[in-house]
Every structure is written in structure tokens, then in C-alpha cells.
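Q: here is the input, now give the coordinates:
(6 chains)
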Protein chains: 4
Amino acid sequence: MPRVRTDDKRQRILDAAVRVFARKGYFASRVSDVAKAAGIADGTIYLYFKNKDDVLVSLFDGIMSEHVEAGRREVERIEGAPAQLLAVAEHHLRLLGGNRELAVVFQVELRQSTKFMARFTATWLQDYFDLLQTIIQAGQREGTIRRELRRKLASHAFFGILDEMVTTWVLSPQEYDLAQLAEAAVDLFLNGAAATKSGAAPASSRGGT
Amino acid sequence: MPRVRTDDKRQRILDAAVRVFARKGYFASRVSDVAKAAGIADGTIYLYFKNKDDVLVSLFDGIMSEHVEAGRREVERIEGAPAQLLAVAEHHLRLLGGNRELAVVFQVELRQSTKFMARFTATWLQDYFDLLQTIIQAGQREGTIRRELRRKLASHAFFGILDEMVTTWVLSPQEYDLAQLAEAAVDLFLNGAAATKSGAAPASSRGGT
Amino acid sequence: MPRVRTDDKRQRILDAAVRVFARKGYFASRVSDVAKAAGIADGTIYLYFKNKDDVLVSLFDGIMSEHVEAGRREVERIEGAPAQLLAVAEHHLRLLGGNRELAVVFQVELRQSTKFMARFTATWLQDYFDLLQTIIQAGQREGTIRRELRRKLASHAFFGILDEMVTTWVLSPQEYDLAQLAEAAVDLFLNGAAATKSGAAPASSRGGT
Amino acid sequence: MPRVRTDDKRQRILDAAVRVFARKGYFASRVSDVAKAAGIADGTIYLYFKNKDDVLVSLFDGIMSEHVEAGRREVERIEGAPAQLLAVAEHHLRLLGGNRELAVVFQVELRQSTKFMARFTATWLQDYFDLLQTIIQAGQREGTIRRELRRKLASHAFFGILDEMVTTWVLSPQEYDLAQLAEAAVDLFLNGAAATKSGAAPASSRGGT
DNA sequence: AATGAATGAGAGTTCATTCAT
DNA sequence: AATGAATGAACTCTCATTCAT
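A: Reported below is the predicted structural model:
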């Protein structure tokens, strides 16, 4: 029992942090706010995290490692780049669309600080891009994605579409289902990247129409 | 004459604040950073502003009062809701699109804190919505906007379209001209609100499809 | 039997404390440092000591009680104040000269804080002075020590000579044998306190000879 | 007036720090203790010093730079290594012998921590040794100090004699005049370093032999 | 009106101590 | 008896704000 508690409590702190950070912003949140929200003493946080920054960073790390890992499992389970991209998109949008507070922290707090963003980009985001590039490369081999496409650019574009959808959803007062946009995201991406071109130019529809 | 010098310095502080806040974020910025950027002593800021919060709030107040006032003048000058909305949209997008740092503060910093958001929403945003509702109401009278439309909802939708465009532009690494999207914004709004229905369902057009 | 194990652990903690305190200083040492050095859990220390201060104080108490007790036994066993003083000096110098870390704690850490010094002076040091005064009084009776000498002053002087020898040794980078200075210390003391005066100038003999 | 205050206040903080550190030890002293003793607010200390450590270090720096500088001036003013060494010794012993609290901090607190000692040794102590070595070298040229003597070793020995005298004085309950030991110190040093060995007549060495 | 030295409340963090196991 | 996770008081340091000049 005393050993099991550990992971439990770490998670309780992270859950509390998401709630507090989403509500007041990272800077305005005090460590004691998080502690109170987690129902523990201030000092206890420092048994599980190096400092306040580490709480935020660990939050990202945990979510991202889980997300990237889930993505990798899907890729092995599913055949074909389009279906794989759909799985990734659904996971991405369901993850954040299922927890508005988490999404707020990811889309708003994370971007706030060069410090966090740099650390985040250097680690998990890179892993995510690697996963996407693996899928795209396979798609190029199997003929579902244009061969001449630069993989790095394409992976960023795909991420950008998803990311923007989440940001829009976060900042929007409307309560629509984010996960349902997964198909639209993949469609948008493939309508510019699929080996067989359609006539539609999806890029122009976004950000302005 | 002493009034002019005074307002001059007040403005210099606000300009400095926009730069500093945009770069480091409101919380991470120290009052002394703003003072240094404005080329004045720390204490001088308190001759023009009640406190640090007041600097940020005054910033929003200044921009918004000017913006809303300009909008009102346009409404009197221009005939027809569609043209009026276009004027408002152009002004909105030109204002923020012409000063990325100001846009960062408006789109990111302002949203950070419930405290600021609440105050902002209660005052200038309400004035802005009132202006939009006046236009919409006139449009309903003149027959260019659907009569059964709830005005409050419609004004928020119009603001939302513009706001999301700005946020996207702020967060985007691309350097496109924001003001040029004004027509698209009005078109999007009217394609769902115009008295003569088109086949498009606005909800589906948004979010990426 | 359970008492033996108990005392065993108490001693292990004290030994660990000497090492840790000597290396990092009392204030910079954490209780957990001592616990780790003793190979036990943090909380276990509190089964044997009231608090951190008590560890340091008990350390002094243990050493001093043993030292004073040994001194008393010598006094009963040996005849004549000069020989008794020599025995005490040898014990004092061998005790600390045989354990540099212990000496560091005694000479440096103990002096650090008025709090410790006061407690120490009030108890064991007083016992030590009492022992010395008993010897001196006997010496005065037997005619080996000057009768008009104020006993309190003399006991402090004797202690001072030894103490300073230890401090010098602790702070010195040289690795000489401290116990060998016992004779010199007694000689120095008696050369100023002996009933029959010699012509030696004590000042020149000091500093180690 | 507002400008002059600056150095004044810095000095007041240092003076207060000497008193507080000498009484309670560096670690046990709180920044607020120093502030209170200096009659200022806690935060004010940080206008003059980087942090608590910096107060202690600055204290050493100030005293030592003054001391070394004074030593250099004496060396230029006085002829002959023996007289120069005497001047340095007198200055050293008068400086610390004139302020017991300062001496406590120098002899006890400074030694406590490798951190401080290392910084101190690397800067001012090195300057002090350089000064001593310059004197010794000149003495070797003029024939008052043995030519084959290693200068580094000799400078350390001289410093060691003075330093130990101060430590003894600090730890001693007696209230003797420390500065009066300067002659004895130089005599002790030259009785092992002088080119022509005398029979230890301190008075004669004074003249420059 | 302007300054900037001074303030002190409050932040993050440490660590001696407790207590359920 | 022993543990070590949890506690929270107390520390150092920051920085928004004040006010004598």
C-alpha cells in the first residue's frame, strides 16, 4: 500500500496541476494552489517533481509519451498510411477534445514560454514528427502518398492542421466534438498530398474562408 | 501643452509595454522592464497607471475604444450592413495585422487570466458587440440580414471569425497579410447569415473541411 | 540483549554524525545525510535522539562523560598532581588526536553556536573543570602547586593550553602526533604554576613545542 | 544626499553582518537578522549584494583588499624585509585584534565552508601571498633572508604564524593585545629564515639585521 | 513631474520532524 | 523497532509599489 500510493499521488498532482494551470495560467498559479487542489501539502510536490517547471514539463512528457506510444501501436496494427494517419488524428483530437483543461494547457500555456516550448519541441514533438514521417514514408512506398513530397514538411503540415483545430476548439466558446474532425483533417491533408490529385485546393479554404 | 507631454509619456509607456509583454509575457515581465523600455524611471509608471495590471488593461482599453469609435464613425459614413461589416473587419484585421506584438498581447496575454478577460469582456468587448449588433439590426431592417437571427449570437459569431483569424495569424510562422482576409470573413459570416440562403452549411466549413 | 542492539545503533548514528558534521559542518548537514551514513532510515534517528541538536549535544556528552570518567579513575589510581595532570592531558590529546573528524566537530562546530557552547559549558565542561580543580587542590595540599593560585583560573588555563593545542592541530595541514604534546602542555602549565619557579618564558614555548 | 547614502548603507550592512555572523554563525544567521541589525528592510540587502553568500564574501574582499593595499604602501615606504614584515604583521594583527567580531568571522566562519575558502584563497589570499613573496624576494637580494629558501613555502609559513596567533586570540577567553605579538611573530619567522642566524634577539632583528 | 532607493509581502523551495504502516 | 512518505514552518530571494527628494 505505501508503495502503490506513489504513482497514484504523482498522477493526482498532475491532474490537479492541469486543472489549476488551465484555470489561472501557469504563472499566476502558485505551487500551493496545486498542492491544495491535489489535497496534499506543499512540500509533497517536491517529492515527485524537481520544481514548479518540472510539473508542467512532466505533464507534457506524460501525455506525449503516451500519445506517441499509442500512435506507434496503431501503426503496427493498421495497414495503409491513410488509415494510420486517421488513427493518429483521432487519437490526437480525442485526447485533447476529451479534456478541455488539458487542451488549454497544451495549446496556450505551452506556447507561452520559449523555455518550455524549446524543451518540448526538442523531445516529444520530435518523436511525434518521427512517427508521422514513418507513416508518410510507408505511404510513399505503397503509393498512397506522393513520392516527391518532402517528408519533414509534410509531417509538420499534418501536425499543423491538427494543432490548429485544437487551438480553435480551445478558444471557441462552442462545444462541438473535436474528435469528429479527424476525418476532415486527414482528408484535408491527403487532398494535397495524395498520389491521385483531386481538383479541390483545401489549403485555401482554411484560415480564411 | 503640459497635457500633451503627459499623454506623450503615457503612450510611450503603453508602447513599451506592448513590446515587453509580447516578448516575455505579462507575468514574466517586470515593471522595471517596461520602465527601461520606455526610457523612464520605475516610479514614473505609477504617475500614469494605478498598477501593473492597469497598464495591461489600459492598453486594451485604448486600443478597443479607438477601434470601437472608428467602427461607429464608419457605420455612420457607410450605407448597408455588409459594407459596414467589411469596414469593421478591415479595421480589426488591419489594426492587429499591422502590429504583431500588439496582436500577441491581445490574443495570448489577454486570454491568460480570467481576471483580465472578465474585465475586458465586461467593458470594451461589450461595446464592440453592441456596435456589431447595431449593424446587424440595421441589416435586418434593410433586409440584408436574416430577420430571425438572434443578434447576440450573430455578433459573437462575427467576432469569433475575426478573432480566430487573428489567433491563427499570430501563432502561424507564415507572414501573410491579415487585412486581406476581411472580405473572406464577411463572406463567411454572410454565407450563413445572409437573407438569401446559399447551400453551404457554415458549421461544416469551419474547422477545416 | 535488545539493549545491546539498541546501544549499538545509537553509537552507529553518533559515529556517522561525527563523520558527516566534520565534513559538511553541522548546519549544512541534513538529518538524512546522517541517516544515510549510518545506514538507517531518517525516522530511526528520532527513536534515539530528540532532534538534530540532540545528536550533536549527545555526541559531546558521550565523549565528555567518558573522558571525565576516565580522568576521575586516573586520579584515584595515580599519585601526585603533576602525574595526574599528565594523565588527563594525554587522555585529552589522544582522544581528539586519534580522530580528526571528532576533533573538528569539537573544536569548530561546537564553537559555532552560542546555543551549543552554553549547554556544553554548563554541563560537561564544568565537570571537567571540577576534575581539574580537584587535582589542583590536591596539588596545593601536597605542595606541588602554588597555594595562592586561584583554582578556577588555573583549571581554565590548563584546559586552554590543551584546547589550543587541539585547535592548532585541527587547523594545521601537518600530520604530527598530538598526544606527544601532553608533556609539553603540563610542563608549560607547571612552569607558571609550580611552587618552585623556573626562569623559562612560557610564550616562546607555545605554538607547539 | 541620495547618492552618498549608497556606500554608507552598504557599509552599514557589512558592519551589521559582522556582528550577526560573529554572534550566531553564518548558517544560523538569517538575512532578516542582518537586515534588522542594519536597521533596513530585508530586500534592501539585495540592492547591495547578490545574495547572502555575497555578503560574507564581500566582507572578506573589502577587508583583504584594504589590508593588501596597505601592505603594498608600507613596502614602498619602508626599507628592508624585516621591517616590512613587521609592518605587515602589525597591520594584520591590529586589524583583527581591533575587532573581535571581525576576527571571529575571519578565523571561524571563513574556514567552515570549502566554498568560501576556495573563493577566498583564489583571490585575496593569493594577493597577500604575492605581497609576502615580493618582500621575501627583496630580502633575499639584500641579504636579510636566506637565498635558498623557497619563497612560496616561506610566505605560507609567515602567514601561518600570524593566522594561528589570531585564531588562538579569538578562541582565547583572555583579553590580551594581539598587535603586540607582531614582533614575536617576525622574530619567530626570521629565526628560521634569516640569512645570518642570531641567538634569537628579537630587539636586534627589529633594526634590520 | 520625475526619480529610484527602499520597502515588505509573498513566492518557490528545503528539510527537521512526525506517524501510519 | 524500523521505515520513509508526508508534512508545513521557515528560509532566501523577487519585485510591485511607495515616497522623500
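
Q: which positions in chain A make contact with DNA strand E?
A: A:1-2, A:29-32, A:42-43, A:46, A:51-53 (CB under 7 Å from any atom of the strand). Where C-beta positions appear, they are placed from N, C-alpha and C, glycine not excepted.

Q: format the CA atom coordinates belonging to the helix or strand hosting A:I45 as PDB.
A: Using DSSP states H and E, A:I45 falls within helix A:45-48. Extracted as PDB, the C-alpha positions of helix A:45-48 are listed here (Å, rounded to 0.1, in the frame of the first residue of the first chain):
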ATOM      1  CA  ILE A  45       5.100  18.100  -4.600                       C
ATOM      2  CA  TYR A  46       8.800  18.300  -4.400                       C
ATOM      3  CA  LEU A  47       9.000  14.600  -3.600                       C
ATOM      4  CA  TYR A  48       7.600  13.900  -7.000                       C
END
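
Q: list the buried ones in it?
A: For helix A:45-48, burial by neighbour count (16 or more other CB atoms under 10 Å in any protein chain shown) applies to A:45, A:48.

Q: can you pull the pLDDT of the residue nearest the centre of chain A?
A: Compute the mean C-alpha point of chain A, and by CA atoms, centre = their mean the closest residue is A:H92, 5.6 Å away. Confidence at A:H92, expressed as pLDDT, is 94.

Q: could you check how many residues crowd around the nearest residue to it once chain neighbours are set aside?
A: Once flanking residues are discounted, A:H92 sits nearest to A:L162: 5.0 Å by CB to CB, 6 or more residues apart in numbering or on different chains. When neighbours are defined as other CB atoms under 10 Å in any protein chain shown, A:L162 has 26 of them.

Q: okay, and A:L162 sits in which element?
A: For A:L162, the element it lies in under DSSP H and E is helix A:151-171.

Q: now the angle from whichever helix or strand comes after that helix to helix A:151-171?
A: Using DSSP H and E, the helix or strand that follows helix A:151-171 towards the C-terminus is helix A:182-193. Going by axes from the mean of the first three to the mean of the last three CA atoms, to 10 degrees, helix A:182-193 is angled at 150 degrees with respect to helix A:151-171.

Q: domain boundaries for chain A, per the record?
A: Per the record, chain A has its domains at A:1-49, A:51-205, by automatic domain parsing.

Q: to C:G143, which of those domains lies closest?
A: With CB to CB as the criterion, C:G143 lies closest to domain A:1-49 of these, at 66.7 Å.

Q: wait, does that closest one contact chain C?
A: No - Domain A:1-49 lies out of reach of chain C by CB under 8 Å from any CB of the partner chain, never closer than 12.5 Å.

Q: mind checking how far that domain is from the chain centre?
A: Centroid displacement of domain A:1-49 relative to its chain, using CA atoms, centre = their mean, to the nearest Å, is 21 Å.

Q: against D:G97, how distant is the residue in chain A positioned nearest to chain D?
A: The nearest approach of chain A to chain D comes at A:N51, 18.0 Å away (CB to the nearest CB). According to CB to CB, to the nearest Å, A:N51 stands 47 Å off from D:G97.

Q: more crowded one of these two?
A: Neighbour totals were compared for A:N51 and D:G97, and D:G97 leads with 22 against 11 (other CB under 10 Å).
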